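In: Quick one, fold the following:
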Amino acid sequence: MPDLGGSVRLHALGHEELAALSDVMRAFFGNLSRSSDHELVSSWREDLHIESRVEPAIGRQAAREASRSGQSDRMITVSTQLQRSDQGLRETIPLHEIRRILKRQLYHLLSQETGIHFPWGSLTGVRPSQIALEVLKRRGARGALEELVDDWRLFPEKARLILETAQAEESLLSRFEADDCLLYVGLPFCPSRCLYCSFITQDAGRQSGSLKPYVQAVIREAQGLFRPDFDK
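Out: Numbering: from 1, shown residues only. Below you'll find the predicted structure:
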């Protein structure tokens, strides 16, 4: 068991994206806490003080709206570096990429400092296949594989898997018309739970008695959703 006599402190400057960055921190260090509205803290074997900065400063609402829209003409500069050090990363990007790049930079820095690497690299969070599909459309199969491994730090086998998944997803979605209605079905059970997961998903193995009733309830709701006499 390593000596956890130190701490990791991540301080956000010019942005309010600690919720997104906590996914990355949690994967590396497990439990973490907020010492303030702008700082995350976790235990580690040595002291690491990290600054996550956005220039010019961006409010939470502006970042959220840009991220959801998937496009922005506004450019910002994001950087992640060790405090009082020249070691770090700095990029100028469109505003809508703020969360992705802040998380990617933090993953790169923490991997370098801790020696810890994960098969999924920095592709944590909701719908990582969306990023894979964007890269695939922009660079083709060979280029996408290279970018996912080199920039997003996926292991090659995971990069191939996510490209396969993204293509399968795109094939399904392409069958729908523009005005078709797509429904989101929440699945509160998962065969395993990722270290970075922020959902309320429960371990399916420990909740086996609830799986069948839940599936039956979802089927019943799906069958009756558009019936006027459906008992809500």
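In: What pLDDT is listed against residue 145?
Out: Listed pLDDT for residue 145 reads 97.
In: For stretch 29-42, output the C-alpha coordinates as CSV.
Out: In CSV, the C-alpha atoms belonging to stretch 29-42 read as follows (Å, rounded to 0.1, in the frame of the first residue of the first chain):
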residue,chain,number,x,y,z
PHE,A,29,-7.2,9.0,-7.2
GLY,A,30,-10.6,7.6,-6.1
ASN,A,31,-12.3,9.7,-3.5
LEU,A,32,-12.0,13.5,-3.8
SER,A,33,-13.5,16.6,-2.3
ARG,A,34,-14.0,20.3,-3.0
SER,A,35,-12.1,22.6,-0.8
SER,A,36,-13.8,25.5,-2.5
ASP,A,37,-15.9,26.3,-5.5
HIS,A,38,-12.7,26.3,-7.6
GLU,A,39,-10.6,23.5,-6.2
LEU,A,40,-10.6,19.7,-6.1
VAL,A,41,-8.5,17.8,-3.5
SER,A,42,-7.5,14.2,-3.2
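In: tell me the domain ranges of this protein?
Out: 1-116, 121-179, 189-224 (automatic domain parsing).
In: ok now the first one, how far from the chain's centre?
Out: A distance of 12 Å separates the centroid of the chain from that of domain 1-116, by Cα atoms, centre = their mean, to the nearest Å.
In: tell me the phi and psi of residue 190?
Out: When read as degrees, to the nearest 10, the backbone of residue 190 gives phi -140, psi 140.
In: check which helix or strand covers the residue most central in space within the chain.
Out: Computing the C-alpha centroid of the chain and ranking residues by Cα atoms, centre = their mean puts residue 125 first, at 2.4 Å. Using DSSP states H and E, no element contains residue 125; it sits outside every helix and strand.
In: Residue 210 now?
Out: Assigned by DSSP H and E, residue 210 belongs to helix 208-224.
In: so what does that helix touch, helix or strand wise?
Out: strand 189-190 (3 or more Cβ pairs under 8 Å, 6 or more residues apart in numbering; DSSP states H and E). Every C-beta, even on glycine, is put in place using the N, C-alpha and C of the backbone.
In: The strand it packs on: partners in the sheet, and parallel or antiparallel?
Out: strand 202-203 (parallel) (DSSP bridges).
In: any low-confidence regions in the chain?
Out: 1-4, 192-204, 230-232 (pLDDT under 70).
In: ok, back up a step: how about the residue nearest to the centre of the chain, what does it touch?
Out: Neighbour list for residue 125: 20, 23, 99, 103, 196 [criterion: Cβ atoms under 8 Å, 6 or more residues apart in numbering].
In: Strands of this protein, start to end?
Out: Assigned by DSSP state E, the strands in the chain fall at 6-13, 33-36, 39-44, 48-55, 75-82, 88-94, 189-190, 202-203.
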